[in-house]
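Q: sequence and computational prediction follow.
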Amino acid sequence: MARKKISKTFWKTLEPLFPQATVSPQGGRPRVDDHAALNGILFVLQTGIPWEDLPQELGFGSGMTCWRRLRDWQASGLWQRLHRALLTKLHEHDQIDWTRASIDGASGAQPPGGEQTGPNPTDRGKKGSKRHLIVDRRGLPLALCVTGANRHDSIVFEALVDALPAIPGRRGRPRRRPDKLHADKGYDFKRCRQHLRKRGIVARIARRGIESTERLGKHRWVVERTHAWLAAFGKLRVRFERRLDTHLALLTLACAIICARCVDRFC
């Protein structure tokens, strides 16, 4: 993956979303510039190096400074605002395909310990966590959450569907519901279908013992590709963050980067 800095033009669109920094009246060291700190966070996210190994010669500040900035911006809701702002930009240019959406989860390894982790049944019971995604027809990430690797995909189905953001940008009410939602057999439960029906979404959930594996991937493969895009970020290939908030921050930032690539290409 290319290790590019944030361009000045792109930074101008992001800067208004950042919270105002407060300067200590007692003085002290000058605060690391937000632009430099964001580049440091992106460098760690893309390469997967430990925070403390961030090269000082890059001029991004120390690794712990970047980690603290990541944590504080997550607490302020910055990464969620950034993701939604990019989705809004895409919606303005009619680049979100609401005709079909797909949901799926993907497990990842993690060193022992941390919030929302559990024994991974597909990896000899080793500690791990699972990320759950809803994407549009082309694979743009719309909503995400994290659970332990031992949690069944359907456990978070209702909460994840309800977490779809209301995205403005076009005439009429903000859009937040796809026309159809595709899911594999792991979501083949009556309550999942009822939840979609109440929200006016057509359920395309594969039925156990009826539909063949060959038919499942016709529309749902895009969510698996998005999971692969996320795994291409070195810091997300293995979950190194013990804290759930910083792990969610990196995931949300990675989703925003995927959306930003589409903004650069289509908008």
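A: Arrived safely. Remember, it's a predicted structure, so these values are computed and weren't measured experimentally.

Q: so what touches stretch 186-203?
A: 103, 105, 152-154, 157-158, 161, 177-181, 183, 205-208 (CB atoms under 8 Å, 6 or more residues apart in numbering). From N, CA and C alone the C-beta is placed, and that goes for glycine too.

Q: take the residues you listed and keep only those in strands.
A: Taking DSSP state E, the ones among these that sit in strands are 103, 105, 180-181, 183, 205.

Q: what's the most distant pair in those residues?
A: By the measure CB to CB, 105 and 180 form the most distant pair in these, at 19.0 Å.

Q: what about those two, which has more around it?
A: Each of residue 105 and residue 180 has its neighbours counted (other CB atoms under 10 Å); residue 105 has more, 25 against 16.

Q: bridging residues for the more buried one?
A: Legend: beta-bridge partners of residue 105 under DSSP bridges are residue 132.

Q: what sits against it?
A: Under the criterion of CB under 8 Å, 6+ apart, the neighbours of residue 105 are 130-133, 147, 153, 156, 186.

Q: one more: residue 219?
A: 100, 102, 137, 182, 204.

Q: what sits closest to the first one if chain neighbours are left out?
A: Distances taken as CB to CB, 6 or more residues apart in numbering put residue 137 closest to residue 100, at 4.4 Å, once the chain neighbours are dropped.

Q: now do the same contact list for the one you found.
A: Residue 137 neighbours (CB under 8 Å, 6+ apart): 97-102, 219, 222.

Q: what does stretch 240-251 contact?
A: By CB under 8 Å, 6+ apart, the surrounding residues in contact with stretch 240-251 are 45, 48, 50, 67, 70-71, 73-75, 79, 110-111, 113-116, 129, 131, 144, 146, 230, 233, 235-236, 239.

Q: neighbours of residue 203, just the number please.
A: Taking other CB under 10 Å as the neighbour definition, residue 203 ends up with a count of 16.

Q: actually residue 233, sorry about that
A: For residue 233, the count of nearby residues is 21 (other CB under 10 Å).

Q: residues contacting it?
A: 1, 45-46, 48, 250, 254.

Q: after the helix or strand bottoming out on mean pLDDT in the chain comes which helix or strand?
A: When the helices and strands of the chain are scored by mean pLDDT, DSSP states H and E, helix 8-14 comes last with a mean of 67. Scanning forward in sequence from helix 8-14, with DSSP states H and E defining helices and strands, the next element found is helix 34-47.

Q: list the buried residues of the helix or strand that that next one is followed by.
A: Proceeding C-terminally, helix 34-47 gives way to helix 63-75 as the next helix or strand, assigned by DSSP H and E. If you call a residue buried by 16 or more other CB atoms under 10 Å, then helix 63-75 has these buried ones: 63, 65-70, 73-74.
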